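**Q** Here you go, sequence then predicted model.
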Amino acid sequence: MSLLETPIEYLKGVGPNRGELLRKELSIHKYGDLLNLFPNRYIDRTRYFKINQLQNNNSEVQIIGKIINIKTVEQKRGKRLVATFIDDTGEMELVWFQGHKWIREGLKINEVYVIFGKVSQFGSTFNMAHPDMELLAEHKANFRSAMQPVYPSTEKLNTKGISNRVVNKLMQQLFLETHTLFSETLPNYLIEELKLITKSEALFNIHFPKNQDLLSKAQFRLKFEELFFIQLQLITKNLIRKHKIKGHPFEKVGENFNNFYKNYLPFDLTNAQKRVIKEIRNDLGSNAQMNRLLQGDVGSGKTIVALLAMLIAKDNDFQSCLMAPTEILATQHFNGVTDLAKELNINIKILTGSTKTSDRKIIYEELENGSLDILIGTHALLEDKVQFKNLGLAIIDEQHRFGVEQRSKLWKKNEIPPHILVMTATPIPRTLAMSLYGDLDISVIDELPAGRKPIQTVHRYDSNRLKVWKFLKDEIAKGRQVYIVYPLIQESEKMDYKDLMDGYESISRDFPLPHYSISIVHGQMKPADKDEEMRRFSEGKTNIMIATTVIEVGVNVPNASVMVIESAERFGLSQLHQLRGRVGRGAEQSYCILMTGFKLSEDSKTRMETMVRTNDGFEISEVDLKLRGPGDIMGKQQSGVLNLQIADIIKDKDILQLARHHAIKLLKNDAPMEKPEHTTLRKVFIELSKKKNIWNYIS
Ligand code: ADP
Ligand code: MG
């Protein structure tokens, strides 16, 4: 067993209690985990401040001085420990709110300390809460670099006395005990070619940087290594899948596809749609399972692509399913697909949470005897009772709403897995997508159907509401329909419903019957009522649809030409873009009006400006990535993919590209990693694959 596998409590200075804390708070179980706890940032500890130089700017400073007295101060909530600290220029206070007894016992009066922490000012006195402190003699003896690492920490670790200084000390101890054992993980030729520093040097300098230059080199080396192994895993997995995972070969493109394509296409396909259909046909015709991500902006026409793929399945006597995240969207798909395929002899059914028992029974039967060709629905498709006779193709719309497990359930239903097509309207830049979903193939519909007029987007303050209402009335007078959307955030659900209902009331007053009629849809309504309201709106019986974000995904009412988004600052960029995509589907000029209050954060301003500036989903997602980071965008389930120790997929985009380039090169030259120069690499690779099984993203 390698020394790095040693349980963390055996490290001198840890023990059972701290071991437990480190495990719980930072997932540090072994020596190796501590070694891989990389600092979040570094601070300059070459500088010492005098008390009369302090400023009230909340920055971290280091001061030499001594404590001249200590007292306990009673306050409303508990006690506070206060020490007076002086140097030759003045005095200040050190304050502790917790853990008085052992802190008080440890403090020495009139000895010279080096204290470190954030200062704040109360009246004329400066103080520092929970300072990091050590005696000057100790401070000098300690082996430490000018760039002081700041490690990830938690509230609990701090209050239990595992301060940054303690972690630092543990790290020193770790290096003392293990120093010689950090073996190289990358092949020599790569280290030479890229002028990387060695693994040992990198680890040392990440924790105890000698200078800025070495720190940068250490960071580069470790980020590269992390991304490189991820790319190796992703690409290998893709290669293996293509070789090993058999799919049902859909050998023919037959009657249904051809008949539909020749006779019933309601419009000319865009070139992008044609290209994507070809890519899908190729996949389906091969012996390997298709695992394809279809990215296409809102309104780019993914539904018809899905239908064509399902027709190929039917031509080969296979069943298919189409799964959507909400009931409304599933219904919409069902209506759309049924309508498109009405001249074909195909059995299509819908299954959702609210499907009646009697209907369910028929569905289950037809699924098992094979007479049902296409099943469209929600999560209900994943229930155990849903057993296909021969599922050949599973299409998942709006991927980020489904978790990994849910998707793999579809897979488990058959011995030979169905082909999988994931459709998303939250496009991300292609290079990023390839890196995140390296084990998926990617198709992009990068062209909107001809004749669409770009949606005009404006940002208006609440104070301009009267003008906005006037505009809506003019549009309605022209026969158009309007969406008004309110935010609904789980944490503030009650308030949000209240806002929605208040909004509904005041809109009802401003747009009175019989001139105007209003639909409303929200999450607390019964599905049947929702459907009814949606139907009234889509049939043009109402002019205004008031809704929470439930209409976000996929609703299609071409006559609706205005989208008003209330409290737009509370929506994320991709949500705003999705919502906007609900209009602009007909021949008329469409508008999106973003309503906000006057006071906006910098981020909110950027979001509004971006929406007003561009209609391009890829551009928007790039801004979004910059604002939020990828974890949020991909949703919690997928953040595992992004659970990186040191690299940042957005900020280190260039290193990512480099890593991908070299990973591809290496695997082209030696896919099994069997050449002698890859012995170590292979070992590390296998080790990592065992540990991090976070790449089974679809399968
Ligand atoms: P999304 O990619 O957002 O799911 P849809 O498939 O719902 O887009 O298509 C949006 C609208 O565009 C639908 O009304 C659809 O009928 C229409 N559409 C799709 N492709 C074309 C095309 N090639 N030409 C004209 N209209 C199209
Ligand atoms: Mg859609």
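**A** Yep, it's here. Ligands and ions are numbered 1, 2, ... in the order given.
**Q** my guess is V562 is in a helix, correct?
**A** No - under DSSP: H, G, I helix; E, B strand; the rest coil, V562 falls outside any helix and is assigned strand.
**Q** Tell me if I'm right that it and V485 touch.
**A** No - assessed by Cβ atoms under 8 Å, V562 is found out of contact with V485, at 11.1 Å. (C-beta placed from N, C-alpha, C; glycine too.)
**Q** more neighbours, these two?
**A** For the pair V562 and V485, the greater number of neighbours falls to V485 (27 against 24), based on other Cβ atoms under 10 Å.
**Q** Report the contact partners of the closest residue to F571 other than its chain neighbours.
**A** The spatially closest residue to F571, leaving aside those adjacent along the chain, is P487, at 6.1 Å (Cβ to Cβ, 6 or more residues apart in numbering). For P487, the contacting residues are D496, D499, T548, T549, E566, S567, R570, F571, by Cβ atoms under 8 Å, 6 or more residues apart in numbering.
**Q** Apply 7 Å and report the result again.
**A** Taking Cβ atoms under 7 Å, 6 or more residues apart in numbering as the criterion, P487 is in contact with D496, S567, R570, F571.
**Q** can you list the domains in the protein?
**A** For the chain, automatic domain parsing gives the domain ranges 3-35, 46-143, 456-614.
**Q** Show me the one of the ones you listed that comes nearest N263.
**A** For those, proximity to N263 was assessed by Cβ to Cβ; domain 456-614 is nearest, at 22.8 Å.
**Q** what's the burial count for the closest residue to ligand 1 within the stretch 101-250 of the chain?
**A** Minimum separation of the stretch 101-250 of the chain from ligand 1 (Cβ to the nearest ligand atom) falls at F250, amounting to 22.1 Å. Applying the criterion other Cβ under 10 Å, we find 26 residues in the vicinity of F250.
**Q** still on that earlier bit, which one (most neighbours) among the contacts of P487?
**A** With neighbours set by other Cβ under 10 Å, the maximum within the contacts of P487 is found at F571, which has 23 neighbours.
**Q** what does this structure have sitting close to ligand 1?
**A** Counting by Cβ under 6 Å from any ligand atom, the positions of the chain adjacent to ligand 1 are 267-270, 273, 296, 298-304, 425, 449, 554, 556, 558, 585.
**Q** rerun at 8 Å
**A** The interface of the chain toward ligand 1, taken as Cβ under 8 Å from any ligand atom, is made up of 266-270, 273, 296-306, 336, 397, 423, 425, 445, 449-451, 554, 556, 558, 581, 585.
**Q** Longest helix of this structure, counting residues only.
**A** helix 212-244 (DSSP state H).
**Q** Which pLDDT value goes with the closest residue to ligand 1 within the chain?
**A** Closest to ligand 1 within the chain is G301: 2.7 Å, counting by Cβ to the nearest ligand atom. As predicted, G301 sits at a pLDDT of 91.
**Q** how far away is I162 from G19?
**A** Distance of I162 to G19, given as Cβ to Cβ, to the nearest Å: 11 Å.
**Q** okay, these two: which has more neighbours?
**A** Remark: of I162 and G19, I162 carries more neighbours, 22 against 17, as counted by other Cβ under 10 Å.
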